[in-house]
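*Asks:* Could you work out the structure for the sequence below:
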Amino acid sequence: MQKKQPKKGMSAGNMVAMGAGLAAVGAGAYMLLGPDGKKNQKKAKEMIRKIEKEIETKAKPFIKKEKKQIKKVISKTTKTVKKITAQKKTKR
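*Replies:* Now for the predicted structure:
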């Protein structure tokens with residue numbers, strides 16, 4: 001029995017995906033660097049700032065919650081370490 005030879009080249013699906021990606025990059029470059037580039041760059045910067053603010057406001061409660069959880073874990077860990085070291089000292 002002969003072993004199957006690995007396929008050489010890209011599949012049609014991969015080629016289509018790559019073509020779509022290149023088209024998107026080209027469209028983005030034209031939008032930002034084309035005739036109305038400066039205007040579009042300003043719009044893009046404004047959109048990015050707006051998105052960053054929205055993410056920041058939505059993430060704040062989660063960040064506070066996580067900080068509290070981290071403090072709890074740290075305090076439990078330090079208590080456990082102190083307990084273990086105290087036990088080792090008494091055994092000596």
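
*Asks:* Skip ahead from the strand or helix carrying residue 30 and say which helix or strand is next.
*Replies:* Using DSSP states H and E, residue 30 falls within helix 12-33. Remark: after helix 12-33, the chain's next helix or strand is helix 37-91, criterion DSSP H and E.

*Asks:* pLDDT (mean, whole number) over that next one?
*Replies:* Average pLDDT, helix 37-91: 91.

*Asks:* by contact count, what packs against it?
*Replies:* helix 12-33 (3 or more CB pairs under 8 Å, 6 or more residues apart in numbering; DSSP states H and E). C-betas here are computed from N, CA, C, even on glycine.

*Asks:* Just the residues contacting the helix it packs on, thanks.
*Replies:* Contacts of helix 12-33 with the rest of the structure, by CB atoms under 8 Å, 6 or more residues apart in numbering, involve 10, 37, 40, 41, 44.

*Asks:* Most neighbours of all the residues you listed, which one?
*Replies:* Within the contacts of helix 12-33, most neighbours by other CB atoms under 10 Å means residue 40, with 16 neighbours.

*Asks:* Name the nearest residue to it, ignoring sequence neighbours.
*Replies:* Nearest residue to residue 40 in three dimensions, chain neighbours excluded: residue 31, at 5.1 Å (CB to CB, 6 or more residues apart in numbering).
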